[in-house]
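next come a sequence and a model predicted from it.
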Amino acid sequence: MTAPLLPDALPVLAQLGILPRYLRQMPPGHRRTQCRALINWLTRYRPPQNSDNLTQVKGYLQAAQHLCDIQEWERAFTLLCTRPHTPTQEMLHYQLKLWGYNAVRTDLYRALAERLDHTPPDGWNARMLQFLGESYFSQNQYPQAAQYYQQSLEMFRSVGEPIDVGLLLGALGDVYYSQGDYDSALRHHQQFLNLARQANLPFAEGIALGSLGNLYESKGEYTKAKEHHQQHLAIARQIQDLEMEGAALGNLGSCCYSLGEFEQAIALHHQHLTKAQQIGHRQGESNALGGLGSAYHAAGDRAKAERYFTQQKEIAQAIGDQLGEASALSGLGSISASKGDHQQAIAYHQKHLEIAQTLGHQEGILHARRNLRNACVVLADDTKSDRR
């Protein structure tokens, strides 16, 4: 029998200060009805056998909603900070990110934003806006992400520590990077790295190094990128952060691919895939599959590449990751072109372009247009040859 994903409900209810025996002391009405409902969700809900992760934690999410209905915002967030029995032991609201339920996270954070205690040292309203920005960023909704990151940054400048400001600068740097504004991204990530080192926080330093590595790779500075990713990986292993280690392995694999080191890239992406699957990180799994597709295609193994890109596309669609879906479509388009199926290649690249334009992802737009143009030229040449 599979062990329960969530801890026993009674200690959680005790922490919330809402126990079944207290219900009798409450006057009849809306509050007692909501408290009874949340107790029932936590103590009586049993997910169906072999259900997905979201179904398994449904009782906690429903209970949090009942707390919001009676404006018990702090208690609702306390419940969402419960740590499920997972390899990463992350809080429930963050674990939803690893599982790929970003739209669910957005709804939770929107319900709590501007309603939590804003006093130092925690500044939970600022933190909630940061989380809300993260959830939008994970869904490739960059203007919304930037809006909430900026609001959070302004709050943290008043109530937070310097590293809180640094984390938000890094988050805004990620938005600039995704929108193709590399100069602004570099400025923000370098400020973040400096603040992380001043605070002597390896976790934050690792995040900043990884972001800078990605940026340098996109600028074609592969040696510098590789150095940053190697430092990122060393920190991840030092602090034993499995999610960070997976991301660093994937970034390093991407850099090796750009340097033409395909066998090394394949090995690193396989390690990333293993880490992502170990902790149930769906976004990481999608990224690793895409990296494997690219590396195997470059190494000449078209069949494996097609299989990995197809798996990436399926996961990306399942978790609403349009950027990952676009990347997979690009890979499948390149494979179709290499097989001589230029009509199919054009269809894949057209879909890639549509997604990139929807997201405002400039690098993706340029990449898709270039591939689409090349496929159309080859198809036109083939058509002319057939007419001769």
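Received the coordinates, thanks. Residues are numbered from 1 along each chain as shown.

so residue 97 makes contact with residue 137?
No. Look at residue 97 against residue 137 with Cβ atoms under 8 Å: they stay out of range, at 10.4 Å. Placement of C-beta: from N, CA and C, glycine included.

can you spell out the domain ranges of the chain, please?
1-112, 329-388 (automatic domain parsing).

burial measure for residue 47, as a count.
17 (other Cβ atoms under 10 Å).

gap between it and residue 58?
For residue 47, the distance to residue 58 equals 7 Å [Cβ to Cβ, to the nearest Å].

please apply the same query to residue 221.
47 Å.

with residue 350 instead?
Residue 350 is 39 Å from residue 58, by Cβ to Cβ.

same thing with residue 188?
Taken as Cβ to Cβ, the span from residue 188 to residue 58 is 38 Å.

between those two, which one's more packed in?
residue 188 (25 against 15).

ok, now which ones touch the residue lying closest to that one once chain neighbours are set aside?
Excluding its sequence neighbours, the residue lying closest to residue 188 (Cβ to Cβ, 6 or more residues apart in numbering) is residue 173, at 3.3 Å. Under the criterion of Cβ atoms under 8 Å, 6 or more residues apart in numbering, the contact list for residue 173 reads 184-189, 192, 211.

element containing residue 173?
Per DSSP states H and E, residue 173 falls inside helix 162-178.

again with residue 378
Using DSSP H and E, the element containing residue 378 is helix 362-387.

now that helix: mean pLDDT?
What helix 362-387 shows for mean pLDDT is 78.

got it, and stretch 147-165?
On average, stretch 147-165 scores 94.

can you list contacts of the helix or strand following the helix holding residue 173?
Stepping forward along the backbone from helix 162-178, the first helix or strand reached (DSSP H and E) is helix 182-198. Outside helix 182-198, the residues that touch it by Cβ under 8 Å, 6+ apart are 162-163, 165-167, 169-170, 172-174, 176-177, 204-205, 207-209, 211-212, 215, 218-219.

could you tell me the angle between helix 182-198 and helix 362-387?
When axes from the mean of the first three to the mean of the last three Cα atoms, to 10 degrees is applied, the directions of helix 182-198 and helix 362-387 differ by 140 degrees.

center of this protein, which residue is that?
Nearest to the mean C-alpha position of the chain, by Cα atoms, centre = their mean, lies residue 138 at 4.7 Å.

buried sites along stretch 128-139?
Applying a neighbour-count criterion of 16 or more other Cβ atoms under 10 Å, one finds 128-139 buried in stretch 128-139.

list of residues touching that stretch?
77, 93, 97, 102-103, 105-106, 109-110, 112-114, 116, 142, 144-149, 151-152, 155-156, 167-168, 171, 174-175, 178, 283, 320-322.

please redo it, this time with the cut-off set to 7 Å
With Cβ atoms under 7 Å, 6 or more residues apart in numbering as the test, stretch 128-139 has contacts from 97, 102-103, 105-106, 109-110, 112-113, 116, 144-145, 148-149, 151-152, 155, 168, 171, 174-175, 320.

narrow those residues to just the buried residues.
97, 102, 105-106, 109, 112-113, 116, 144-145, 148-149, 151-152, 155, 168, 171, 174-175.

where does the chain dip in pLDDT?
For the chain, the stretches with pLDDT under 70 are 1-2, 118-122, 381-388.

can you do 50?
1, 384-385, 387-388 (pLDDT under 50).

hmm, back to that, using CSV, lay out the domains of the chain together with distance to residue 301.
Formatted as CSV, the domains of the chain follow (distance: least, Cβ to Cβ, whole Å):
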stretch, distance to residue 301
domain 1-112, 28
domain 329-388, 11
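
nearest residue to residue 73 other than its sequence neighbours?
residue 115 (4.2 Å).

burial count for that neighbour?
16.

what separates it from residue 259, distance-wise?
Taken as Cβ to Cβ, the span from residue 115 to residue 259 is 49 Å.

same check, this time on residue 96
For residue 96, the distance to residue 259 - Cβ to Cβ - is 36 Å.

then residue 193?
23 Å.

and the two? Which one has more around it.
In this view residue 193 and residue 259 are compared by other Cβ under 10 Å, and residue 193 has more residues nearby, 22 against 15.

circling back: roughly how far apart are the residue nearest to residue 188 and residue 302?
Relative to residue 302, and taking Cβ to Cβ, residue 173 is found at 36 Å.

what of residue 14?
Residue 14 is 58 Å from residue 302, by Cβ to Cβ.

more neighbours: which of those two?
residue 302 (14 against 10).

chain neighbours aside, what residue packs nearest to the more buried one?
residue 335 (5.9 Å).

ditto for residue 326
Using Cβ to Cβ, 6+ apart, the nearest residue to residue 326 is residue 355, at 4.1 Å.
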